[in-house]
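>>> Generate coordinates for the sequence data below:
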Amino acid sequence: MSQSLRQTTESIRAKCLILTQRYEKLIADMREADATIRSQRAEIEHQKSEIERLSGELRALKLATAIAPTADDRRSAREVLTGLVREIDQCINDLTH
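Model (predicted):
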């Protein structure tokens, strides 16, 4: 009986050792997973701030595009300026003669 009890105790001890090793492995895996989650959450926050910055830049570019002169606007402005330069040249010419 003593031998049977000793074998049962050793068997239980070996099983406890295996369970303890598995538990420690699970704890290590859990800590690694937690670290990965923290890292990924930080990356998500960084990406959210980058998205916010780029969204603001996009709004500014859309506004700049909306108020930017078209080719017709530039041509009209050039014609007006050319006309004004001619008038100034005429005035200078009139003043010198």
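
>>> and the gap between the residue sitting nearest the centre point of the chain and Leu63?
The structure's the chain has its C-alpha centroid closest to Gln47; by Cα atoms, centre = their mean the separation is 2.7 Å. Distance, Gln47 to Leu63, using Cβ to Cβ, to the nearest Å: 25 Å. All C-beta spots, glycine's among them, are computed from the backbone N, C-alpha and C.

>>> what do you get for Ile18?
67 Å.

>>> tell me what the longest helix belonging to the chain is packed against?
Taking DSSP state H as the criterion, the chain has its longest helix at helix 2-67. Applying 3 or more Cβ pairs under 8 Å, 6 or more residues apart in numbering; DSSP states H and E, we find helix 2-67 packed against no helix or strand.

>>> I'd like the next helix or strand past that helix.
helix 71-96 (DSSP states H and E).

>>> what is the mean pLDDT for that next one?
Averaged over helix 71-96, pLDDT sits at 91.

>>> got the buried residues for stretch 57-77?
Within stretch 57-77, no residue counts as buried by 16 or more other Cβ atoms under 10 Å.

>>> Show the end-to-end separation of it, please.
29 Å (Cα to Cα, to the nearest Å).

>>> that older thread, what distance do you get for the residue nearest to the centre of the chain to Ile37?
From Gln47 over to Ile37 (counting by Cβ to Cβ), the distance is 15 Å.

>>> what's the neighbour count on Thr8?
If you count neighbours by other Cβ atoms under 10 Å, Thr8 ends up with 10.

>>> Poorly predicted segments of this structure, please.
1 (pLDDT under 70).

>>> at 80 what do you get?
1-2, 97 (pLDDT under 80).
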